[in-house]
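> Let's see this in three dimensions:
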Amino acid sequence: MKGKVLITAFVHHSLAPALVSMGYEVDVQEQISRETLLSTIEKYTGIIITTRLIMDSEVFDRAIQLKWLGRLGSGMEIVDIEYAAQKNIQCFSSPEGNCDAVAEWCIGTLISLRRNILIASQQVKRSEWIREPNRGIELKGKTVGIIGYGNTGQAFASLLSSFGVNILAHDKYKTGFSEGHVTESGLDQITDEADIISFHLPLSNETRHYADDRFFRKLKKKPILLNSSRGSVIDSSALIRALDEGGIAGAGLDVLENEQLASYSVSEKNQFIDLVNRPNVIITPHIAGYSHEALLKMADIILQKLKVAGY
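Residues are numbered from 1 along each chain as shown. As a prediction, this is how the structure comes out:
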């Protein structure tokens, strides 16, 4: 027996049996609290997490047997990777597993915004048959700016390839990736030329409020904005000001700065109400990466990475 693994969230049904076949005893606690985690983590050799639990130094200090952590999805900002390394705990993520799902969400949300699909559907449900005001804008010939060219950014670019768009991709930490319909570009070129801008950034001190008032003031073409990365990449107050001032044509958001709606302050609640009531804003509850296929692929990728690492 290699030890015990704790699964802390809903995962694909194949994951636990696969870990058992690898020689682990598996404990599934999908709703485990932080308090319970802190009091029991000492028993485990491995842990599987999604987005709910923060894995910080307090947790790792108590994880005296922990050898590895598997994060289903991306977004390793919830894990203190450097401290884990000091404790000889290896951390794995699986952004390759849900990047196609995220890309599909971006396509669907973008088309809905450009073609007024959601607005028109809501009107019909109210027995309103309105055509001319809902005349949309096609994607062909437009310029799409992708900020962050990792797994999801590349998957989005791949899906866009059949729409006849020009793609400008910017990634501070990558170079030399211009190919076919994708042109590596600077941020200024995107803010000058893009009709659509999509964020695919991890959350860090460097990317927090990446889209602030200064960013929005630089936009030349009143683009549609998409964010399927992390809510705090966009400053919500600045976003509302940009919408008010006509600096952007609309926004598709799968993530918010605070996704715990019940915890909202008065100002947060007012911002939320403001955004959800705008006809040119679509907000979904952090589901871009949620597909049945992604659930399986993320599990398989974590298992593969564990095996390659010798666990």
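> Show me where the protein has its strands.
3-7, 24-28, 46-49, 68-71, 90-93, 143-147, 166-170, 182-184, 196-199, 224-227, 250-253, 281-283 (DSSP state E).
> List the residues that contact the closest residue to Ile32 other than its chain neighbours.
Distance criterion Cβ to Cβ, 6 or more residues apart in numbering; nearest residue to Ile32, sequence neighbours excluded, is Thr8 at 5.2 Å. All C-beta spots, glycine's among them, are computed from the backbone N, C-alpha and C. Counting by Cβ atoms under 8 Å, 6 or more residues apart in numbering, Thr8 touches 29-30, 32, 37, 47-50, 52-53.
> redo that, cut-off 10 Å
27-32, 36-37, 47-50, 52-53, 55, 72 (Cβ atoms under 10 Å, 6 or more residues apart in numbering).
> Which one (most neighbours) among those?
Among the contacts of Thr8, Leu72 has the most neighbours (other Cβ atoms under 10 Å), with 29 neighbours.
> Make sure that residue is actually in contact with Leu53.
No - between Leu72 and Leu53 there is no contact, the gap being 11.8 Å when judged by Cβ atoms under 10 Å.
> Which neighbours do the two have in common?
Contact criterion Cβ under 10 Å, 6+ apart; residues shared by Leu72 and Leu53: 8-9.
> per the record, what domains does the protein have?
The chain resolves into domains spanning 3-95+292-308, 138-279 when parsed by automatic domain parsing.
> mind checking which of the ones you listed is nearest Ile107?
Closest to Ile107 of the domains of the chain is domain 138-279 (Cβ to Cβ; 5.3 Å).
> Find the centremost residue of this structure, please.
Ser229 (3.1 Å; Cα atoms, centre = their mean).
> check contacts around that one.
By Cβ under 10 Å, 6+ apart, the contact list for Ser229 reads 74-75, 102, 147-148, 150, 152-153, 198-203, 207, 210, 254-255, 288.
> rewinding a little: can you say which of the strands of the chain is nearest to Phe60?
Using Cβ to Cβ, the nearest of the strands of the chain to Phe60 is strand 68-71, at 9.0 Å.
> Report the distance from that closest one to the chain centre.
Relative to its parent chain, strand 68-71 has a centroid offset of 18 Å by Cα atoms, centre = their mean, to the nearest Å.
> In it, which residues are buried?
Buried residues in strand 68-71, defined by neighbour count with 16 or more other Cβ atoms under 10 Å: 68-71.
> Just flag the most distant two among those.
Trp68 and Arg71 (10.6 Å).
> Distance-wise, check the residue nearest to Ile32 relative to His286.
Computed as Cβ to Cβ, to the nearest Å, the Thr8 to His286 distance reads 17 Å.
> for Phe199, same thing?
Phe199 sits 14 Å away from His286, going by Cβ to Cβ.
> returning to what we had before: can you select the buried ones from the contacts of Ser229 in ChimeraX?
ChimeraX command restricting the contacts of Ser229 to the buried ones, with burial defined by 16+ other Cβ under 10 Å:
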select :74,75,102,147,148,150,152,153,198,199,200,201,202,203,207,210,254,255,288
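> what's the burial count for the spatially closest residue to Ile197 that is not a sequence neighbour?
In space, and not counting its chain neighbours, Ile197 is closest to Gly145: 4.4 Å by Cβ to Cβ, 6+ apart. Residues lying near Gly145 (other Cβ under 10 Å) number 26.
> so where's this protein shaky on pLDDT?
The chain contains no residues with pLDDT under 70.
> quick check: angle from the helix ranked longest in it to strand 143-147?
Longest helix in the chain by number of residues (criterion: DSSP state H): helix 95-114. Angle of helix 95-114 versus strand 143-147, following axes from the mean of the first three to the mean of the last three Cα atoms, to 10 degrees, is 140 degrees.
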